[in-house]
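**Q** show me the folded form of this:
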Amino acid sequence: MSVNTSDRNSVPADLPPWKSVEDIFRDLIDPLYQIDADDVTRVYRPTLRALRVPLLSFTPDSSLDIVTAVPCGARLVPLSVVELKSSSRDLLEGLGQATQGATCVAAGLVQCGVAWQDVTVSFMVCNGHAILFGGVHLVAPSLPMPYVTSSPLSLLDYKQAFLAHRHMVMHNENTQRLACAARLAIARASSTFNTEADGSTCAAVKRPVFSLRVPFDVYCKPNVIRVACKTPHGQRVSTWDASVTALQAVYSRLFSCGARDVVVFPFGIVRGLRPARASARRLKNDRALLLPNLQHADPPFSPAPPCDFESAWAFVDAVEEAVRLVHKAGVVHGDLYLSNIFHRRLSGNFQVKFIDWDTGFFSSASAPPSCYRLTTRILYTLCQQQQIFVGSVEAVALNCTLD
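**A** A predicted model of the protein is given here:
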């Protein structure tokens, strides 16, 4: 039986029911890859408010398409993320949403007590006929690094479908590993709570709580990453995405090398936060970098140069050694003014930390214009402020710069 229309000669009257990508995943993929644990389940369209995970760049009512979660006590702990797109959309269009959701899940696992070294949240993006796999790994306690493990795989090609099957198996194995880690962490926290309750005082185990207000021991840097990062014509990558990728790569290199002690690593990049300080303007949709406030450390750091001759020379030696470590890691700061060097004195020695790494780059890459302001000018300015003879200090700085 068929019906005639003005546009087509005939259309079958018994059309098959329309299925969304979510229905396809629920009916076809989900039954094939059930996780071997009774309490691990997939939750469809949960909001971040219901999951009780940090919001990062989302709002409380934002929802993730599919979340694999395990109940731990009175809460549901998410373990992995699935982002679904319509069949007419490209998989890469859902990559950003998937990485942001996986980052929220990673932060939630750390809040549950899972060691940050063990947190690798896998995700996949599916549009019904193709699938993409990836994950978010914490390369530092507060530095998520997203990655993809495959190119988009077509489910209509048997070879690529087999590769997708292998990735799906690894995806489930990683989810099971995180489920075990979450159970152990929450059980450990519960036993600690019960032990304290049996004593003279009853104190709950403190957990970091995500807040929409920036505390005083956190420095909020608005309008982060405003660099002249040009994207080649035809690439669908924004300046912001390219800048964040470059910044994460630089931070990852610095953390994995011996320069981690002289670098101030951020807590994360967020959007729409309101600082706790009344004098600071409201951050509407601006992206901001959250950093440890070194001036609220114990003892506090200071950007002011030393005031006496002996301390100034010790400070110069500490800066020279810090820059040498950074250069040895293959990274150039690119904007190392004196105001970007914080220091404090511990047991007679200077501890130096460099901030503002949004202009940093690898020494093998071409240097942007701002990177011509090198350490020589920094130390030259310092010595001029202290009215110290400059000649020998310039030589020390030059050797350090050319290292």
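
**Q** before we move on, which element is Ala189 in?
**A** helix 158-198 (DSSP states H and E).

**Q** look at Val11 and report its pLDDT.
**A** Per-residue pLDDT puts Val11 at 44.

**Q** show the average pLDDT along the helix holding Ala189.
**A** 80.

**Q** for it, packing partners?
**A** On a contact count with 3 or more CB pairs under 8 Å, 6 or more residues apart in numbering; DSSP states H and E, helix 158-198 meets strand 66-72, strand 75-84, helix 95-111, strand 120-126, strand 130-140, strand 153-154. For glycine as for every other residue, the C-beta is placed from the backbone atoms N, C-alpha and C.

**Q** would JSON lines of those with distance to Asn172 and mean pLDDT be doable?
**A** Listed next are these as JSON lines, based on distance: least, CB to CB, whole Å; pLDDT from 0 to 100:
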{"stretch": "strand 66-72", "distance to Asn172": "8", "mean pLDDT": "86"}
{"stretch": "strand 75-84", "distance to Asn172": "9", "mean pLDDT": "88"}
{"stretch": "helix 95-111", "distance to Asn172": "15", "mean pLDDT": "84"}
{"stretch": "strand 120-126", "distance to Asn172": "9", "mean pLDDT": "90"}
{"stretch": "strand 130-140", "distance to Asn172": "11", "mean pLDDT": "83"}
{"stretch": "strand 153-154", "distance to Asn172": "16", "mean pLDDT": "89"}
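
**Q** mind putting the ones you listed in TSV, distance to Ala164 and mean neighbour count included?
**A** Formatted as TSV, those follow (distance: least, CB to CB, whole Å; neighbours: other CB atoms under 10 Å):
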stretch	distance to Ala164	mean neighbour count
strand 66-72	16	21
strand 75-84	13	23
helix 95-111	16	23
strand 120-126	9	26
strand 130-140	5	22
strand 153-154	4	18
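
**Q** now the angle from the helix holding Ala189 to strand 66-72?
**A** Angle of helix 158-198 versus strand 66-72, following axes from the mean of the first three to the mean of the last three CA atoms, to 10 degrees, is 30 degrees.

**Q** next, the angle from helix 158-198 to strand 120-126.
**A** If you take the same axes, to 10 degrees, helix 158-198 sits at 140 degrees to strand 120-126.

**Q** quick check: bridge partners of the residue lying closest to Val43 once chain neighbours are set aside?
**A** With sequence-adjacent residues excluded and distances taken as CB to CB, 6 or more residues apart in numbering, Val43 is closest to Val67, at 4.9 Å. With DSSP bridges as the criterion, Val67 is bridged to Val43, Val81.

**Q** list the contacts of Val67.
**A** By CB atoms under 8 Å, 6 or more residues apart in numbering, the contact set of Val67 is 42-43, 46, 51, 78-82, 101, 105.

**Q** so which bits of stretch 308-323 are buried?
**A** Neighbour-count burial for stretch 308-323 flags 312-316, 318-320, 322-323 (criterion: 16 or more other CB atoms under 10 Å).

**Q** mind giving me CSV with these and columns for secondary structure, distance to Met145 and pLDDT?
**A** Compiled in CSV, these are given as follows (DSSP: H, G, I helix; E, B strand; the rest coil; distance: CB to CB, whole Å; pLDDT from 0 to 100):
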residue, secondary structure, distance to Met145, pLDDT
Ala312, helix, 39, 85
Trp313, helix, 39, 86
Ala314, helix, 36, 88
Phe315, helix, 33, 89
Val316, helix, 35, 88
Ala318, helix, 30, 91
Val319, helix, 29, 90
Glu320, helix, 30, 89
Ala322, helix, 24, 91
Val323, helix, 25, 91
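
**Q** export the residues you listed as JSON lines, with columns for distance to His333.
**A** Formatted as JSON lines, the buried residues of stretch 308-323 follow (distance: CB to CB, whole Å):
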{"residue": "Ala312", "distance to His333": "21"}
{"residue": "Trp313", "distance to His333": "22"}
{"residue": "Ala314", "distance to His333": "21"}
{"residue": "Phe315", "distance to His333": "17"}
{"residue": "Val316", "distance to His333": "17"}
{"residue": "Ala318", "distance to His333": "15"}
{"residue": "Val319", "distance to His333": "11"}
{"residue": "Glu320", "distance to His333": "14"}
{"residue": "Ala322", "distance to His333": "10"}
{"residue": "Val323", "distance to His333": "8"}
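
**Q** and which of those is nearest to Arg188?
**A** Nearest to Arg188, judged by CB to CB, of the buried residues of stretch 308-323 is Ala322 at 37.8 Å.

**Q** which residue is the nearest non-sequential neighbour of that closest one?
**A** In this structure, Ala322 finds its nearest non-sequential neighbour in Val262, 4.1 Å apart by CB to CB, 6+ apart.

**Q** touching, that neighbour and Lys353? I think so.
**A** Yes: using CB atoms under 8 Å, Val262 is in contact with Lys353, at 5.7 Å.

**Q** who touches both of these two?
**A** Residues touching both Val262 and Lys353 (CB under 8 Å, 6+ apart) are Ala322.

**Q** care to break the protein down by domain?
**A** Using automatic domain parsing, the domain parsing of the chain gives 16-194, 215-401.

**Q** comparing these, which yields the minimum mean pLDDT?
**A** Mean pLDDT is lowest for domain 215-401 among the domains of the chain, at a mean of 66.

**Q** where along the stretch 301-403 of the chain do the helices fall?
**A** Ranges of helices in the stretch 301-403 of the chain, per DSSP state H, counting those that start in this stretch, are 309-328, 375-386, 391-401.

**Q** how far away is the closest residue to Leu156 other than its chain neighbours from Glu83?
**A** Excluding the flanking residues, the one nearest Leu156 by CB to CB, 6+ apart is His129, at 5.8 Å. When distance is defined by CB to CB, to the nearest Å, His129 is 15 Å away from Glu83.
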